[in-house]
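**Student:** what shape does this take:
(one chain, ligands or ions: 1)
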Amino acid sequence: MTFTPNLVLRRLYSDVSKKVRAQKYVLTKYFQGEPKKSDFKIVEEDLPELKDGEILAQAEYLSVDPYMRAYMIGYKLPTDMIGGQVAKVIDSRNKNIPVGAYITGPFGWRTHTVTSGDKIFSSSIDLPITVLPDLRPYPVSLALGILGMPGNTAYFGLKEICQPKEGETIVITGAAGAVGSHVGQIGKILGCRVIGFAGTDEKCNYLEKELGFDRAFNYKTCNVRAALKDGAPNRVDCYFDNVGGEISSTIMSHMNKYGRIAVCGSISSYNDTAPPKVTIVQPALVFKELKMEGFLVNRWNDRWQEGIDMNLKWLKEGKIKYQEKVYHGFENMVDALLGILRGENTGKAVVKV
Ligand SMILES: NC(=O)c1ccc[n+]([C@@H]2O[C@H](COP(=O)([O-])OP(=O)(O)OC[C@H]3O[C@@H](n4cnc5c(N)ncnc54)[C@H](OP(=O)(O)O)[C@@H]3O)[C@@H](O)[C@H]2O)c1
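**Tutor:** Numbers count the residues shown, from 1 in each chain. Model prediction:
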């Protein structure tokens with residue numbers, strides 16, 4: 001009998017021998033207003049046999065995130081839908097990633113993926129591929145939330161851009177979402193006063209009663225200026241901006257001298273066909289000498305694990321809580337994306353495949 005190392009490796013690391021057919025979402029029309037099912041096609045494709053060093057991963061949780069609504073305009077159509085996922089390795093020819101391991105990566109809206117498992121994956125959302133440690137008793141889906149991209153967005157965005165000091169006041173919009181709810185809890189860990197704006201009374205109640213926000217206001221029903229006077233009597237030192245629009249201009253005009261603004265996103269206008277006109281922010285920036293900085297979380301790809309480790313530590317110490325909105329079924333990806341844009345979620349929204 002001749003010795004074939006590949007076959008031996010295959011027996012060691014693999015439990016799948018037949019060809020696998022993946023399903024994936026292909027965007028065929030640019031979004032106009034809210035995303036629609038008819039903007040996509042679900043396509044099947046045969047995956048290639050694994051080469052040395054490669055793995056085959058089967059999606060368990062797919063992420064839906066607001067950036068998906070905002071980014072697709074930059075792609076030439078038709079194009080595979082972008083996104084992060086948690087996937088289980090079901091076949092492996094990579095000795096460092098055994099069958100049964102869980103990984104996260106920017107594989108897009110697809111059921112199965114062949115990848116080398118290292119950082120190189122052909123995706124324009126430049127986020128790392130990570131082999132997950134044993135997260136039990138927590139669900140692996142947290143790797144798409146507080147132990148993944150949104151958790152790191154909160155961690156690095158707040159610490160590095162806002163640089164809050166103990167006793168300062170932080171205001172967060174989109175406060176009950178994946179990023180916002182996490183920012184507020186880190187703000188409390190750092191000894192700050194934390195004020196949130198969210199879209200329902202129930203969300204505000206959750207922020208105050210469960211997550212320890214000092215105050216939370218329903219931006220759909222409150223007078224934002226009055227809410228700031230009430231909730232932030234010492235005015236605002238740090239603003240973590242998830243939504244943009246008029247509320248952001250109002251918050252900036254209520255800031256202290258040398259305040260810091262982390263511009264994380266502007267979801268209030270993602271579905272708009274024309275950009276909204278809002279009150280000019282330059283006078284506040286000039287006279288209060290504010291610092292306003294946009295960021296993309298992949299700026300800290302080289303420190304990715306630092307954020308995950310810190311968020312996991314805080315989770316285990318009971319200092320960080322989380323909520324997930326779990327949608328079910330690969331066929332319901334568009335409904336899930338619509339759901340977050342309509343505010344259905346508290347905490348992170350994921351789809352169980
Ligand atoms: N810069 C980066 O690297 C980076 C990374 C991750 C996320 N982001 C950005 O961070 C923001 C939050 O993302 P996320 O993942 O945490 O999403 P999310 O907050 O979990 O979900 C979206 C939330 O946005 C709120 N929303 C929808 N329409 C709104 C509107 N017109 N005005 C105000 N709020 C509205 C809804 O909550 P309500 O019920 O409160 O309205 C909804 O639940 C987004 O802008 C996203 O693009 C940026």
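
**Student:** the helices in this structure, which residues?
**Tutor:** Applying DSSP state H to the chain gives helices spanning 5-13, 66-71, 149-156, 178-189, 201-209, 224-231, 245-252, 282-287, 304-316, 333-341.

**Student:** avg pLDDT for the first one?
**Tutor:** Taken as a whole, helix 5-13 has an average pLDDT of 41.

**Student:** distance to residue 298 for the helices of the chain - can I get that in JSON lines?
**Tutor:** (Each C-beta comes from the backbone N, C-alpha and C, glycine too.) Listed next are the helices of the chain as JSON lines, based on distance: least, C-beta to C-beta, whole Å:
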{"stretch": "helix 5-13", "distance to residue 298": "30"}
{"stretch": "helix 66-71", "distance to residue 298": "11"}
{"stretch": "helix 149-156", "distance to residue 298": "9"}
{"stretch": "helix 178-189", "distance to residue 298": "14"}
{"stretch": "helix 201-209", "distance to residue 298": "28"}
{"stretch": "helix 224-231", "distance to residue 298": "31"}
{"stretch": "helix 245-252", "distance to residue 298": "23"}
{"stretch": "helix 282-287", "distance to residue 298": "26"}
{"stretch": "helix 304-316", "distance to residue 298": "9"}
{"stretch": "helix 333-341", "distance to residue 298": "20"}
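
**Student:** could I get those as a markdown table with mean neighbour count?
**Tutor:** Converted to a markdown table, these look like this (neighbours: other C-beta atoms under 10 Å):
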| stretch | mean neighbour count |
| --- | --- |
| helix 5-13 | 13 |
| helix 66-71 | 18 |
| helix 149-156 | 26 |
| helix 178-189 | 26 |
| helix 201-209 | 18 |
| helix 224-231 | 17 |
| helix 245-252 | 20 |
| helix 282-287 | 13 |
| helix 304-316 | 17 |
| helix 333-341 | 20 |
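
**Student:** lowest-confidence stretch among the ones you listed?
**Tutor:** For the helices of the chain, where the average pLDDT is lowest is helix 5-13, sitting at a mean of 41.

**Student:** would you confirm that residue 67 contacts residue 267?
**Tutor:** No. With contact defined as C-beta atoms under 8 Å, residue 67 does not reach residue 267; the gap is 9.3 Å.

**Student:** output stretch 210-230 as CSV, nothing but the C-alphas.
**Tutor:** Coordinates of each C-alpha in stretch 210-230 appear next as CSV, following Å, rounded to 0.1, in the frame of the first residue of the first chain:
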residue,chain,number,x,y,z
GLU,A,210,-31.1,46.0,33.8
LEU,A,211,-28.0,47.6,32.4
GLY,A,212,-27.5,50.4,35.0
PHE,A,213,-27.8,53.4,32.7
ASP,A,214,-28.3,56.5,34.8
ARG,A,215,-31.1,57.7,32.6
ALA,A,216,-32.6,56.6,29.3
PHE,A,217,-35.1,58.6,27.1
ASN,A,218,-37.4,57.6,24.3
TYR,A,219,-36.2,59.8,21.5
LYS,A,220,-39.5,59.3,19.6
THR,A,221,-41.6,60.8,22.4
CYS,A,222,-39.3,63.1,24.5
ASN,A,223,-38.1,66.6,23.9
VAL,A,224,-34.4,65.9,23.4
ARG,A,225,-33.2,69.3,24.7
ALA,A,226,-35.3,69.0,27.9
ALA,A,227,-34.1,65.4,28.3
LEU,A,228,-30.5,66.5,28.2
LYS,A,229,-31.1,69.2,30.7
ASP,A,230,-32.7,66.7,33.0
